[in-house]
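In: okay, structure incoming, though there's no sequence with it:
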């Protein structure tokens, strides 16, 4: 599986991959992948697509506006935050991994509370997607977060770009690989929703997700590149993950080659 992320601007902080004769890179733990769902982020209307995503974010981390906005940024990545469009090189203080504080958290909080009430009252996911009130709330949240507007570096909206990235894998490999994943930090137990690319479904146990400190490509955000590991095998990658909690602990991770 190719990384497909453009030019590598910066190598990983630690290049010591083999230790004591074992493939054992030093990686930063993101957490345990408890649940994931493949999605193309498209096909349906903007309201339906966002309703599916918002439902999973709220299920994962509640209606806190700050956490919701951070999850949205991890899933519908800002083009201007990617290395290709930023002045990260030569000055660590210029790294724009964290977006500017969202100034309308109060309005977002009210919309999320209303959305959550309807979400928990629905008897099925299908009922949610067919509820005009839910779709209207989803549309209002999309407008508030400007997910349907062109970005500073693109004529397409964040939602359209995300759909295009997911479709790329579908066109190239003839199967969907982009997914939403719920990850639980091993140290503080905080659960957060991320966007991942998984090409081999785990069979026996929950995989773990690790960040590769320092690694930076054109199409990635600083502090975002990582891998999904299950029983020592790399089964997926992560390219838009900025830290969701304050736990930044590194460990040696044993890897093995697929036979």
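Out: Perfect, I can see it now. Note that the structure is predicted; figures quoted are calculated from it, not measured.
In: do you know the pLDDT at residue 62?
Out: You'll see residue 62 listed with a pLDDT of 94.
In: any chance of the backbone angles for it?
Out: Backbone torsions of residue 62, given as degrees, to the nearest 10, read phi 80, psi -160.
In: can you count the residues close to residue 159?
Out: For residue 159, the count of nearby residues is 21 (other CB atoms under 10 Å). Placement of C-beta: from N, CA and C, glycine included.
In: for it, give its distance to residue 27.
Out: For residue 159, the distance to residue 27 (CB to CB, to the nearest Å) stands at 31 Å.
In: need the contact list for residue 141.
Out: Applying CB atoms under 8 Å, 6 or more residues apart in numbering to residue 141 gives the contacts 50, 54, 108, 111, 112, 115.
In: go again with 6 Å.
Out: residue 111 (CB atoms under 6 Å, 6 or more residues apart in numbering).
In: now it, what's its secondary structure?
Out: At residue 141 the chain is in helix, as set by DSSP: H, G, I helix; E, B strand; the rest coil.
In: and it, how far is that from residue 255?
Out: Residue 141 is 40 Å from residue 255, by CB to CB.
In: ditto for residue 187
Out: Distance of residue 187 to residue 255, computed by CB to CB: 22 Å.
In: quick one, which of these two is more surrounded?
Out: A direct count of neighbours by other CB under 10 Å for residue 187 and residue 255 places residue 255 higher, at 16 against 13.
In: give me the distance between the closest residue to that one other than its chain neighbours and residue 11.
Out: Spatial nearest neighbour of residue 255, excluding adjacent residues (CB to CB, 6 or more residues apart in numbering): residue 23 at 4.3 Å. For residue 23, the distance to residue 11 equals 17 Å [CB to CB].
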